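# Whatever this is, show me its structure:
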Amino acid sequence: MRRALALVVAAVLTSEGSAYIDTLYPLQQFIEESEVIAEGVVEKTDAKKGICLVRLKKSIKGKCPYALFRLNVGIGQEWHPEAVMPHLVAGAPAVIFYNAERRAEVYVNRFFLQFSGDAGQIAEKAWWSFTHVEVHCTRTFNGTAEELARILVDVQAGTIKPPPADPKAPPATKDAIKSLPVWGQPVDVEKLPAPFVRRDPSKPRKSRDPENPQGLEKGLAVQVFEGIWDSLPDFDALKPVATGTAAQFDLANRRRDEHYGLRFTGFIDIPREGAYTFHTTSDDGTRLRIGNEEIVTNDGVHVAKEASGEIPLKAGRHPITLLYFQGGGPAALEVLWEGPDLPKQKVPAAALTHTPAP
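Numbers count the residues shown, from 1 in each chain. Predicted structure coming up:
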């Protein structure tokens, strides 16, 4: 393990942090860089104290000396502990990877969590400290922990190869984790949040059907919010300070220069069927959805930077939502697209419409 790698706790679950794995990280690399891979089960969780105990079941690679993994989840950064704790339910299966320095990742059902431990502490007294959800490692694997454990056993036995990474899998987000069923609840795989939908990266995705509603007007509906945040808030829980329309995705509707948020909603007119890539460049955070699928995640407080995502679309009008917040200092917002016979460019006003308010 050359960087923070591997505890994988399988329960159900899964801002820009200090040590995200942001490159494409295949499962084979997780395996090779792990000193130990083990399977466990969540034994007990204390939400008030922010701790979780995971009981070892068996070692998959190497020999695990930890009969019990003591996880300090509550000290994690930003929204991550709040999102993770509800998923750490008793009985949830767990898989565990770690290296010699006790750098670790925790996989909870369909996402990875980063932990660090004290290599000098005896196993009976050791604690592991949570830092953050590995939001980009949905590209590594996003099935259940039970599936992951079976795959790892078979890989170690030499009967199969690890599944390939999916470079187009969207990152895990706070909203996606909150809407993911916790372990033990019924799961409709067709309705899982986009970051946790498994697909074969070698096969093309089915193009999304358009809605093509009638009675639309030019531009986008926009809501303006004000507050101090370090990541995108839940705008549904907030009351907008103003509403209006916007010709394009820009900051013209803001009422002040710092500490505000914008929610744009409407439809985008897709000229022909094919794979479309959307890009947001923002300072600070943005999130772009087509229908209910999150396509671009560019959340957190940061300088202007670009993030991208792809979706296959049929010709016609599709619902589009863009969330943006400004956390102080400079501000920037731009949305671009590219697709069949369409070079990368700013989304034009002519492609944007919205349903007028009653």
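
# Show me the domain layout of the chain.
With domains defined by automatic domain parsing, the chain comprises 27-179, 217-354.

# would TSV of these with mean pLDDT and distance to Ser207 be doable?
C-beta: built from backbone N, CA, C; applies to glycine. Shown next, in TSV, are those (pLDDT from 0 to 100; distance: least, C-beta to C-beta, whole Å):
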stretch	mean pLDDT	distance to Ser207
domain 27-179	93	14
domain 217-354	95	4
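
# Columns distance to Ala194 and mean neighbour count on top of those, output as CSV?
Output for these, formatted as CSV (distance: least, C-beta to C-beta, whole Å; neighbours: other C-beta atoms under 10 Å):
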stretch, distance to Ala194, mean neighbour count
domain 27-179, 5, 20
domain 217-354, 5, 18
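
# can you redo the ones you listed as CSV with distance to Glu190?
Formatted as CSV, those follow (distance: least, C-beta to C-beta, whole Å):
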stretch, distance to Glu190
domain 27-179, 14
domain 217-354, 12
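
# wait, is Gln29 part of a strand?
No - read with DSSP: H, G, I helix; E, B strand; the rest coil, Gln29 is helix and lies in no strand.

# if we can go back for a sec, how about the domains of the chain, which one is nearest Val187?
Among the domains of the chain, the nearest to Val187 by C-beta to C-beta is domain 27-179 (8.5 Å).

# distance between the ends of that closest one?
Its start and end residues considered, domain 27-179 measures 25 Å (C-alpha to C-alpha, to the nearest Å).

# Tyr106 pairs with what?
To be clear, residue 106 is Val; Tyr isn't right here. Ile96, Leu113 (DSSP bridges).

# Distance of it relative to Val182?
Counting by C-beta to C-beta, to the nearest Å, the gap from Val106 to Val182 is 15 Å.

# now swap in Gly74 and tell me
18 Å.

# now swap in Asp154 and tell me
Taking C-beta to C-beta as the measure, Asp154 falls 27 Å from Val182.

# Equivalent analysis for Pro356, please.
40 Å.

# Settle it for me: which of those two has more neighbours?
More neighbours surround Val182 than the other of Pro356 and Val182, with 16 against 11 (other C-beta atoms under 10 Å).

# I'd say the more buried one and His87 touch.
Yes - counting by C-beta atoms under 8 Å, Val182 does reach His87; the two are 5.1 Å apart.

# Could you confirm His136 falls within a helix?
Yes - judged by three-state DSSP, His136 forms part of a helix.

# hey, which helix is longest across the chain?
Determined from DSSP state H, the single longest helix within the chain is helix 145-157.

# Could you list every helix and strand that the helix or strand that it is followed by packs against?
Going down the chain from helix 145-157, the next helix or strand is helix 174-179, by DSSP states H and E. When contacts are defined as 3 or more C-beta pairs under 8 Å, 6 or more residues apart in numbering; DSSP states H and E, helix 174-179 packs onto helix 80-84.

# Could I get the contacting residues of Gly219?
Taking C-beta atoms under 8 Å, 6 or more residues apart in numbering as the criterion, Gly219 is in contact with Thr245, Ala246, Ala247, Gln248, Gly266, Ala349, Leu352, Thr353, His354.

# what about the closest residue to the last one other than its chain neighbours, distance to Ala38?
So the one you mean is His354. Closest residue to His354 apart from its sequence neighbours, by C-beta to C-beta, 6 or more residues apart in numbering: Gly266 at 3.6 Å. For Gly266, the distance to Ala38 equals 49 Å [C-beta to C-beta].

# now do Lys44
Taken as C-beta to C-beta, the span from Lys44 to Ala38 is 18 Å.

# Between the contacts of Gly219, which sits nearest Glu226?
Among the contacts of Gly219, Ala246 lies closest to Glu226 (C-beta to C-beta), at 17.0 Å.

# Tell me the bridge partners for the closest one.
Bridge pairing for Ala246 - DSSP bridges - gives Leu220.

# now swap in Leu68 and tell me
Counting by DSSP bridges, the residues bridging with Leu68 are Arg55.
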